[in-house]
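K.L.:
Sequence first, then the predicted structure:
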Amino acid sequence: MVRAVDLSYRFLFRAILSRLPERAAVALGQWGLRTLPLDRLPVFRNTDPRLAMTLGGVRLANPLILSSMYYDTRILARAMRLGFGAVTAKSITRAPRPGHPHPNLVRVETAEGPGLVNCNGFRNPGLGAYRGALAGLARTGPLIVAAAGESVEEYVEVVAGLERFGDLVEINISSPNTRLVYEWSTRPAELARLFRQVRAATAKPLIVKISPDFRQTNEDVIIPAALDAGIGIVNYGNTRRVEEPRLSQRAGGLSGPALFAATLDNVRRLRDRFGPAIEIIACGGIDAPDKARRAMAAGATACAYFTGFITRGPILARLILDSLLGPHQ
Ligand SMILES: Cc1cc2nc3c(=O)[nH]c(=O)nc-3n(C[C@H](O)[C@H](O)[C@H](O)COP(=O)(O)O)c2cc1C
């Protein structure tokens with residue numbers, strides 16, 4: 001049954017989703033996620049108790065996380081029952097943001113396989129409206145709420161406003177599509193203040209999501225500052241900034257398998273350097289069971305992905321979980 005669903009999605013992706021114009025493919029995919037009761041089908045889950053683990057002291061049924069992208073709570077509710085140990089909501093800002101104009105998402109075919117480049121620009125309803133939406137979300141699994149901003153005060157307000165709705169809180173300092181967010185990594189002194197102040201704003205476990213574009217600063221400055229402030233979970237990481245003339249901003253964030261080699265390398269180096277002092281979420285290019293296994297073997301505490309959810313479909317979580325249990329489950 002798992003194989004039949006896998007093959008069917010491969011066909012759907014190849015024949016339809018990868019051929020429709022991007023905007024239509026996104027609309028169709030999100031309509032499907034909102035409308036089809038996929039989460040009622042046990043085929044998408046593996047509930048083996050051996051997969052259970054903790055992240056920041058929070059129990060997850062397994063170490064797979066849906067990475068930040070969706071803010072629609074109907075989709076988040078479904079995703080919680082599609083095999084993930086935790087689901088991340090989109091990064092929310094204090095005020096609503098319309099995001100960047102279309103085209104803001106394009107598919108790319110890289111040597112490693114299909115990926116995406118987006119310049120979404122944090123299209124989101126803003127803190128006040130999103131609190132209302134989250135209040136109506138029936139949480140059947142752990143939720144990671146996520147904050148972004150352009151000032152320390154904005155992060156503090158968003159973290160304080162969202163934290164009661166999530167089990168963990170992620171601070172995104174790394175999206176390449178909004179200049180002032182991306183540039184946090186170039187202002188380490190201010191970042192240290194940001195970390196201390198968001199730490200004081202919530203008792204929930206905090207995750208800092210970093211950029212693969214600032215490797216040396218991440219290791220020498222950003223992670224030590226996060227640890228000093230009491231933030232012990234690192235999501236490594238966000239998309240990689242690339243030029244892309246088809247996008248309205250002429251540049252965007254690359255996601256998908258082209259990121260994987262760097263993700264693996266980053267996880268390995270962080271584990272060597274920081275040992276058990278940090279928990280690492282490997283994110284970037286995980287779109288197949290062997291990649292998740294390799295990331296875990298390199299020292300990841302958990303694995304997150306978004307692009308694989310699109311290119312391999314909701315069945316990917318089940319395929320990875322089966323594979324993490326080994327061939328003789
Ligand atoms: C369309 C799109 C929107 C995204 N929005 C967010 C976001 O709001 N916040 C965030 O931290 N990451 C965001 N991301 C980045 C993903 O969460 C993830 O870190 C990145 O795509 C790398 O993982 P992947 O290769 O598995 O997709 C977005 C990615 C895409 C493709």
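P.N.:
Ah, there it is.
K.L.:
so where's the protein uncertain?
P.N.:
328-329 (pLDDT under 70).
K.L.:
Report the buried residues of stretch 249-269.
P.N.:
For stretch 249-269, the neighbour count (16 or more other C-beta atoms under 10 Å) marks 249, 252-260, 262-264, 266-269 as buried. (Each C-beta comes from the backbone N, C-alpha and C, glycine too.)
K.L.:
Now do the end-to-end distance for that stretch.
P.N.:
Using C-alpha to C-alpha, to the nearest Å, the end-to-end distance of stretch 249-269 comes to 33 Å.
K.L.:
correct me, but Arg324 touches Met296?
P.N.:
Careful, residue 324 is Leu; it's not Arg. Yes: taking contacts as C-beta atoms under 8 Å, Leu324 lies within contact range of Met296: 6.9 Å.
K.L.:
Show me what counts as buried in stretch 276-283.
P.N.:
278-283.
K.L.:
Name the nearest of the residues you listed relative to the ligand.
P.N.:
Nearest to the ligand among those is Cys283, at 4.8 Å by C-beta to the nearest ligand atom.
K.L.:
Can you tell me which of the buried residues of stretch 249-269 end up in strands?
P.N.:
252-255 (DSSP state E).
K.L.:
can you list the residues of the stretch 51-200 of the chain near the ligand?
P.N.:
Counting by C-beta under 6 Å from any ligand atom, the stretch 51-200 of the chain comes close to the ligand at 67-69, 90-91, 105, 116, 118, 120, 122, 146, 172, 175.
K.L.:
Serialize those residues to JSON lines and add fields for distance to Met80.
P.N.:
What follows is these, written out as JSON lines (distance: C-beta to C-beta, whole Å):
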{"residue": "Ser67", "distance to Met80": "14"}
{"residue": "Ser68", "distance to Met80": "14"}
{"residue": "Met69", "distance to Met80": "15"}
{"residue": "Lys90", "distance to Met80": "15"}
{"residue": "Ser91", "distance to Met80": "18"}
{"residue": "Leu105", "distance to Met80": "24"}
{"residue": "Leu116", "distance to Met80": "23"}
{"residue": "Asn118", "distance to Met80": "23"}
{"residue": "Asn120", "distance to Met80": "22"}
{"residue": "Phe122", "distance to Met80": "23"}
{"residue": "Ala146", "distance to Met80": "15"}
{"residue": "Asn172", "distance to Met80": "20"}
{"residue": "Ser175", "distance to Met80": "24"}
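K.L.:
that older thread, would you mind trimming the buried residues of stretch 276-283 to those in range of the ligand?
P.N.:
Cys283.
K.L.:
biggest separation within the buried residues of stretch 276-283, which pair?
P.N.:
Comparing every pair within these by C-beta to C-beta identifies Ile278 and Cys283 as the most remote, at 14.3 Å.
K.L.:
Kindly reformat the ones in strands among the buried residues of stretch 249-269 as JSON lines and extend each row with distance to the ligand.
P.N.:
JSON lines is the format used below for these (distance: C-beta to the nearest ligand atom, whole Å):
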{"residue": "Gly252", "distance to the ligand": "9"}
{"residue": "Gly253", "distance to the ligand": "6"}
{"residue": "Leu254", "distance to the ligand": "8"}
{"residue": "Ser255", "distance to the ligand": "3"}
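K.L.:
so which of these comes closest to Ala189?
P.N.:
For these, the nearest to Ala189 is Gly253 (25.3 Å; C-beta to C-beta).
K.L.:
residues near the closest residue to that closest one other than its chain neighbours, how many?
P.N.:
Distance criterion C-beta to C-beta, 6 or more residues apart in numbering; nearest residue to Gly253, sequence neighbours excluded, is Thr239 at 2.7 Å. Using other C-beta atoms under 10 Å, Thr239 has 28 other residues around it.
K.L.:
try Leu137
P.N.:
Counted with other C-beta under 10 Å, Leu137 comes out at 15.
K.L.:
again, but for Phe44
P.N.:
For Phe44, using other C-beta under 10 Å, the count is 23.
K.L.:
center of this structure - which residue?
P.N.:
Ser67 (2.0 Å; C-alpha atoms, centre = their mean).
K.L.:
what about it, distance to Ala304?
P.N.:
Separation of Ser67 from Ala304 (C-beta to C-beta, to the nearest Å) stands at 4 Å.
K.L.:
Also Leu38?
P.N.:
Distance, Leu38 to Ala304, using C-beta to C-beta: 20 Å.
K.L.:
So for the two, which sits in the more crowded spot?
P.N.:
Ala304 (31 against 18).
K.L.:
so which strand or helix has that one?
P.N.:
strand 302-305 (DSSP states H and E).
K.L.:
Would you tell me whether that strand gets close to the ligand?
P.N.:
Yes: applying C-beta under 6 Å from any ligand atom, one finds strand 302-305 touching the ligand at Tyr305.
K.L.:
list the helices and strands that strand packs on?
P.N.:
strand 64-66, strand 279-283, helix 289-297 (3 or more C-beta pairs under 8 Å, 6 or more residues apart in numbering; DSSP states H and E).
K.L.:
For the chain, which segments count as helices?
P.N.:
With DSSP state H as the criterion, the chain has helices at 2-12, 22-35, 73-79, 127-135, 152-162, 179-182, 188-201, 215-217, 223-229, 260-274, 289-297, 307-311, 315-324.
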